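Q: Just a sequence and a predicted model for now, questions to come.
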Amino acid sequence: MRYTDYDKKVCSDEDILKYKYLFEKDIADKQRELVEFIDRANKRVRLIKEWEESKKYSVLGHLSKNGRDKEIMLIIRYNDGTQRDERYSFNKIGDARVKLDELKEKYSGVDWSKFEGEL
């Protein structure tokens with residue numbers, strides 16, 4: 001709930017103090033959660049960097065045609081089962097193939113066997 005939702009519940013000075021205490025506790029809890037989230041997120045970023053440097057991930061996805069557009073859907077799958085997606089769209093198949101070659105160079109040394117690269 002938003003704090004303004006409590007406006008009509010205040011009928012006395014005691015109510016003001018009661019809700020002030022509840023809101024301050026809520027804010028403190030949210031601040032603690034934020035600090036904990038940032039700590040976990042920093043640990044995850046370091047872990048992802050380690051996996052990427054040691055090539056401990058695989059590449060999935062496909063090169064496909066969607067109407068006139070040619071699309072590359074690239075999925076970087078990490079050891080813990082999570083993934084990061086990248087999408088690229090092109091008008092010409094030649095441009096898509098050039099980008100795919102760039103991506104294969106960038107992500108070389110990992111398993112590309114589950115990437116479907118033929119149109």
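A: Structure received.
Q: for the chain, what are the low-confidence residue spans?
A: Applying pLDDT under 70 to the chain flags residues 119.
Q: Show me the strands in it, by range?
A: Applying DSSP state E to the chain gives strands spanning 57-66, 69-78, 83-90, 111-116.
Q: Present those as CSV; the columns should include mean neighbour count and distance to residue 11.
A: To be clear about C-beta, it is placed using only N, CA and C from the backbone, and glycine gets the same treatment. Below are these laid out as CSV (neighbours: other C-beta atoms under 10 Å; distance: least, C-beta to C-beta, whole Å):
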stretch, mean neighbour count, distance to residue 11
strand 57-66, 16, 59
strand 69-78, 18, 54
strand 83-90, 13, 52
strand 111-116, 13, 64
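Q: nearest to residue 13, of the ones you listed?
A: Evaluated with C-beta to C-beta, the strands of the chain place strand 83-90 nearest to residue 13, the distance being 53.1 Å.
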